[in-house]
Structures are given as C-alpha cells and as structure tokens.
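Student: Okay, here's the prediction I keep looking at, along with the sequence it came from:
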Amino acid sequence: MPPFISSIIDKYTLPYDKKMGADSNNLIFYYCGLFDTTVLVHFQNNDTSINVVLYQILPNYHKEDDDYADKESELLFFEGYSFKIAVSKWSEIISLAKNKLLISKNQPPKHDPCFDCAFFFLNYDSVTLINNSNTHAAFREYFKFLKDSVLDDFIKLRQPKFGNKNK
C-alpha cells in the first residue's frame, strides 16, 4: 500500500488492536463510573506535539460486566476524539501523574470493598496503577485536572461543521 494511503487509514485506526508502547512517551488514563460516561484517554508524546485520543462510552451503552452491546462480535458504541496539544502541556500532565499517583506505586494497596465507586487506572512508563481506597481521591483529582485543563475544551468543539456558515 502506498505510504500516503496508509497514513490516511492509520489516522482512523484504533491503536489498541496493536501492541501499545508502555514507555515514557505514552500515558493512558481510564475512568469508569457506574452511572457516568466512561473515559479512556491516550496521550502520546511525539517530541513535536502530543497526540491525544479520547474515547467516551455514554452511560446508556455500558453495563457493569462489560461494555459490548454484542459480545460475540465485540460491538462497542463509543464517541471518539483525536487532537493534538502543545508539547509544553506534556510536562504538566506527567508531573501531576508522578506527584499525585505514581508516588503511591510502592505503597501496599488498601482494598476496601466499594461496590458503587468509580474504577480508575493509569499506565505510564511500564507502570500500571489501579485505584484502591488509598489512591481513589488522587485519581479523582487527576481526572478533574485532565478534564479542566485539556479534555473539556476539545469536547466543546465537537459540534458538526455543517449548516449555515453565516450564523
């Protein structure tokens, strides 16, 4: 396939079917609230820009056990966004992840059962952290930072670009 065609197709390919780099150039953050929109965001540092892919599964499309509408075909309804952010934002995203979440990777997890609590995970530089009772508040705070400083501005821009352009 010619590289030009391949580059067009790659733009629309979900990166999770391929082996993802678990390195210091990739950060993946996941949030699933029982009655809220599930969010998976993947940041990838390419030195000249930060590529971001945001997947959202609306509450009416996800269930407790899995998010597939049909397990056999793995039918999944989601909204997706891809965009780029400035490289300067990367250091802020990583710094807060290190200061709020990654410092707890050496602490023994405290697992208090909570059936209605949100589930979070963060993967960065070959480390995967999953929320537990001693990191739950830090995950919530980190998610709020991501929404306020990066994600919400792009989600607001998702309106279709058709119709009367004079309005």
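Tutor: Yep, that arrived.

Student: neighbouring contacts of stretch 30-43?
Tutor: Taking CB atoms under 8 Å, 6 or more residues apart in numbering as the criterion, the residues outside stretch 30-43 that touch it are 15, 20, 26-29, 50-59, 62, 64, 67, 90, 93, 116, 118-122, 139, 143, 146, 151. From N, CA and C alone the C-beta is placed, and that goes for glycine too.

Student: can you rerun that using 6 Å?
Tutor: Contacts with stretch 30-43, where a contact means CB atoms under 6 Å, 6 or more residues apart in numbering, come from 27-29, 50, 52-59, 62, 116, 118-121, 143.

Student: Show the buried residues in those residues.
Tutor: 27-29, 50, 52-57, 62, 118, 120-121, 143 (16 or more other CB atoms under 10 Å).

Student: Okay, helices next: where are they in the protein?
Tutor: Secondary structure of the chain, counting by DSSP state H: helices at 3-11, 87-100, 136-146, 152-156.

Student: avg pLDDT for the shortest one?
Tutor: If you average the pLDDT over helix 152-156, you get 84.

Student: just the longest one next, same as before
Tutor: Mean per-residue pLDDT for helix 87-100: 92.

Student: Which secondary structure elements does it sit against?
Tutor: Under the contact criterion of 3 or more CB pairs under 6 Å, 6 or more residues apart in numbering; DSSP states H and E, the helices and strands touching helix 87-100 comprise helix 136-146.

Student: can we see that at 8 Å?
Tutor: Secondary structure elements in contact with helix 87-100, counted by 3 or more CB pairs under 8 Å, 6 or more residues apart in numbering; DSSP states H and E, are strand 26-32, strand 38-45, strand 50-57, strand 119-124, helix 136-146.

Student: For that helix, which outside residues touch it?
Tutor: With CB under 8 Å, 6+ apart as the test, helix 87-100 has contacts from 27, 43, 45, 47-50, 122, 124, 138, 141-142, 145-146, 149-150.
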